[in-house]
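Asker: model this:
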Amino acid sequence: QQQTNKPTNQTNQTKPQAQNLLQQQQQNRNTMSNIQDLPSYQQAQLQQHLVNQQVKDSLHLYMNLVEKCFHPCVHNFRTKYMDKKEETCLTNCAERYIKASNRSAIRFQEHQAMTMKRMQEQQQQQG
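Answerer: Take a look at the predicted model:
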């Protein structure tokens, strides 16, 4: 019985997530239409800024991953290869770190979407 309840709970949990995703997609479409209204030089500047931010975020993720996983897992520097235990530790740690980072990013996006929605609702009530 517990196994049959799990899919139902997961389905119930995914409905709000799907609604949030649809709201985010609509906001992205609105943002994209606003971006298209910008002059071409500002679009290029924005594009370059986004690329730079993406590179910065990737480097930050990599540096944190090294700090959190490499140092605790790799101890033997007598050979140029890691032993099986170190490889396993590093792989597991990296997978957990990336999953946690992705989950945090999703939660942050959901929070941002809810904040934007609340702000829009407040503006509509005031206006």
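
Asker: For the residue of the chain positioned farthest from its centre, give me phi and psi.
Answerer: The outermost residue of the chain relative to its centre, with distances by Cα atoms, centre = their mean, is Arg78 at 37.2 Å. Torsion angles at Arg78 (phi, psi; degrees, to the nearest 10) stand at phi -80, psi -20.

Asker: so how far is Glu86 from it?
Answerer: Per Cβ to Cβ, to the nearest Å, Arg78 is found 12 Å from Glu86. For glycine as for every other residue, the C-beta is placed from the backbone atoms N, C-alpha and C.

Asker: Over to Leu59?
Answerer: Distance, Leu59 to Glu86, by Cβ to Cβ: 24 Å.

Asker: do the same with Asn52
Answerer: With Cβ to Cβ as the criterion, Asn52 and Glu86 are 34 Å apart.

Asker: These two: which is more packed in?
Answerer: Higher neighbour count among Asn52 and Glu86: Glu86, with 15 against 10, using other Cβ atoms under 10 Å.

Asker: does the more buried one really touch Phe77, like I thought?
Answerer: No: counting by Cβ atoms under 8 Å, Glu86 does not reach Phe77; the two are 10.5 Å apart.

Asker: Count the residues that sit near Cys89.
Answerer: By other Cβ under 10 Å, neighbour count at Cys89 equals 18.
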